[in-house]
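>>> Okay, predicted coordinates and the sequence, questions at the end:
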Amino acid sequence: MLGQLTSTHIAQIHVDGRPMQRVLRSVQRVTDIMREITSASRERAAGIAQVTQTITQMDETTQ
């Protein structure tokens, strides 16, 4: 049954590439979103590091 399903799907992809194209577009969208999340996370981490450094400097100055 699995072999038949696989053969059927492969034949469908070869006859009409649209289903595979949709999958590829979806994968690309997910990849792009993950890149944006990674970039935003790095920016946030850099901002937090700057705040931490400033607080540390203020603490050292007041002691």
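Looks like it arrived, so ask away. Numbering: from 1, shown residues only.
>>> what's downstream of the helix or strand of the chain with the lowest mean pLDDT, the next helix or strand?
Every helix and strand of the chain was ranked by mean pLDDT, DSSP states H and E. The lowest is helix 2-15, at a mean of 58. Downstream of helix 2-15, the first helix or strand assigned by DSSP states H and E is helix 18-62.
>>> Just give me how far that next one sits from the chain centre.
10 Å (Cα atoms, centre = their mean, to the nearest Å).
>>> That helix packs against which elements?
Using 3 or more Cβ pairs under 8 Å, 6 or more residues apart in numbering; DSSP states H and E, the elements in contact with helix 18-62 are helix 2-15. From N, CA and C alone the C-beta is placed, and that goes for glycine too.
>>> Based on its surroundings, how many neighbours for residue 38?
10 (other Cβ atoms under 10 Å).
>>> got a pLDDT number for it?
Looking at residue 38, its pLDDT reads 95.
>>> With residue 19 instead?
At residue 19, the predicted lDDT confidence score is 74.
>>> Let the chain start at 704 from now.
Happy to do that; since the first residue is 704 now, the last one works out to residue 722.
>>> Count the neighbours of it for me.
11.
>>> Then residue 723?
14.
>>> distance of it from residue 736?
From residue 723 over to residue 736 the distance is 20 Å, taken as Cβ to Cβ, to the nearest Å.
>>> now do residue 750
From residue 750 to residue 736 the distance is 21 Å (Cβ to Cβ).
>>> With residue 743 instead?
Taking Cβ to Cβ, one finds residue 743 at 11 Å from residue 736.
>>> cool, and residue 744?
From residue 744 to residue 736 the distance is 12 Å (Cβ to Cβ).
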